[in-house]
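Student: Pasting the sequence and the predicted model now:
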Amino acid sequence: MPLGRFLVSFVLVPGAIILVCLATVVGLRWMMFSETGPDQLVETIERREGNARWRAAVQLAGLLADPNHAAVRRDRQLAGRLTEILRRELQAAGARNEDAALQIYLCRALGEFESDVSLPVLVQASSSRHDGAVRRSAIEAIALLAGTLGSDRVGPEPGLAESLLAASRDGDWQIRLSAAYALGVLGGDEAEERLTAMLLDERTLVRYNAATGLARRGNAAAIDVLLEMLAPDQQTVIGSSPGGTLASVQQNLIHVNALEAARQLLAVNPEVSSEQFRAAIERLSETTESQAVRKKVEELLKLVPADPS
């Protein structure tokens, strides 16, 4: 499984929830796009005005994320057209709310392509000159591209490292959250050094993303935070009401990511003792009701020795 494609499940949950909410609000008007192909959606974004543009961008982002549309993701010409639209939008002054929504979903769509044509404009969108939500979407799109194309191809892009490192120190914790994710996907000595510092971030979820990024690189500095992530109750972290569907989804995602990160840490770094994780894994196994978490627990227990007592 490509690194970026696994990590995205943890970081991009808010974006997925927003997408569902938007579909609900738009209601039956959404159906006007139901049979529309990618070229027509791009044409709508290019030529129409108002809400029709960002609704088309939302659907295009969803279409590109669908495993059944691999051919569309390889369409460099289509990616180029979207890139130029985003470039023009970023250059326009006085963006309205619908303009920001359009930019967010253009970034999201561009991250799904198997092409690096959009990298320069995504780096531009990730800078501090732009709306915070647009910046986050651009950073996450860059990380998606790195997971698809490889960090060796994406990492050298001019200005990218500087933009991500600046974002990792931003006053907006959600931007730091996305930056930690992207740094974990891209890797490298400078990224690992910054992620190690981010293990002390005041925001728990930022620390969690930093730890998962380090663990997948075999860095044992992640162990203590991974153990925090394996705690059965994550309610104080996610800040949702106990028993809510959203809270349950978020908690399960934290546990799945922690288990996968621990597995990869043990696989990459043979000097890390699996014994450090045994008690936490067994405690989680006894309390979770999630089948996805149970499956990951079973995979990891195969690597962890049983308690000799």
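Tutor: Arrived safely.
Student: low-scoring stretches of the stretch 51-200 of the chain, by residue?
Tutor: Along the stretch 51-200 of the chain, the model assigns pLDDT under 70 to residues 93-98.
Student: Also the stretch 201-309 of the chain?
Tutor: When the per-residue scores of the stretch 201-309 of the chain are filtered using pLDDT under 70, the ranges that remain are 239-246, 305-309.
Student: For burial, what's the neighbour tally of residue 120?
Tutor: Neighbour count for residue 120, taken as other C-beta atoms under 10 Å: 15. Quick note: C-beta positions are derived from backbone N, CA and C, even for glycine.
Student: for it, helix, strand, or coil?
Tutor: Per DSSP: H, G, I helix; E, B strand; the rest coil, the local secondary structure of residue 120 is helix.
Student: Could you do the one 10 residues further on as well?
Tutor: Following three-state DSSP, the label given to residue 130 is coil.
Student: cool, residue 270 as well?
Tutor: With three-state DSSP as the criterion, residue 270 reads coil.
Student: do residue 304 as well
Tutor: At residue 304 the chain is in coil, as set by three-state DSSP.
Student: ok, it touching residue 275?
Tutor: Yes - taking contact to mean C-beta atoms under 8 Å, the distance of 7.3 Å between residue 304 and residue 275 places them in contact.
Student: who has more neighbours, those two?
Tutor: Neighbour comparison, residue 304 and residue 275: the larger count goes to residue 304, with 21 against 10 (by other C-beta under 10 Å).
Student: Could you measure from the more buried one over to residue 193?
Tutor: 29 Å (C-beta to C-beta, to the nearest Å).
Student: Please apply the same query to residue 227.
Tutor: For residue 227, the distance to residue 193 under the criterion C-beta to C-beta works out to 22 Å.
Student: between the two, which one's more packed in?
Tutor: Comparing residue 227 with residue 193 by other C-beta under 10 Å, the one with more neighbours is residue 227, at 17 against 12.
Student: so who does that one touch?
Tutor: By C-beta atoms under 8 Å, 6 or more residues apart in numbering, the contact set of residue 227 is 276-277, 280.
Student: Wait, residue 229 touches residue 256, no?
Tutor: No - Residue 229 lies out of contact with residue 256 (C-beta under 8 Å); the separation is 9.9 Å.
Student: higher neighbour count, those two?
Tutor: residue 229 (27 against 21).
Student: Now for residue 179, how many residues are close by?
Tutor: 32.
Student: Please apply the same query to the one 4 residues further on.
Tutor: As a burial measure, residue 183 scores 28 neighbours (other C-beta under 10 Å).
Student: Against residue 196, how distant is it?
Tutor: Computed as C-beta to C-beta, the residue 183 to residue 196 distance reads 11 Å.
Student: likewise residue 291?
Tutor: 34 Å.
Student: ok, those two, which is more surrounded?
Tutor: Here residue 291 and residue 196 are set side by side on neighbour count (other C-beta under 10 Å), and the busier one is residue 196, at 16 against 9.
Student: Against residue 130, how distant is the more buried one?
Tutor: Distance, residue 196 to residue 130, using C-beta to C-beta: 28 Å.
Student: Now do the contacts for residue 165.
Tutor: With C-beta under 8 Å, 6+ apart, residue 165 has these contacts: 179, 183, 190, 194.
Student: What strand or helix carries it?
Tutor: Here residue 165 sits within helix 160-167, counting by DSSP states H and E.
Student: Mind listing what's buried along that helix?
Tutor: By neighbour count, with 16 or more other C-beta atoms under 10 Å as the criterion, the buried positions of helix 160-167 are 160-161, 163-164, 167.
Student: Just the closest of those residues to residue 48, please.
Tutor: The shortest distance between residue 48 and any of those, using C-beta to C-beta, involves residue 163 and amounts to 30.9 Å.
Student: Grab the nearest non-local neighbour of that closest one.
Tutor: Among residues not flanking residue 163 along the chain, residue 126 sits closest, at 4.8 Å (C-beta to C-beta, 6 or more residues apart in numbering).
Student: Assess the claim that the one you found and residue 142 are in contact.
Tutor: Yes - counting by C-beta under 8 Å, residue 126 touches residue 142, with 6.6 Å between them.
Student: okay, those two: which has more neighbours?
Tutor: Under the neighbour definition other C-beta under 10 Å, residue 126 and residue 142 were set side by side, and residue 142 has more, 32 against 29.
Student: Please name the nearest non-neighbouring residue to that one.
Tutor: Spatial nearest neighbour of residue 142, chain neighbours left out: residue 122 (5.3 Å); criterion: C-beta to C-beta, 6+ apart.
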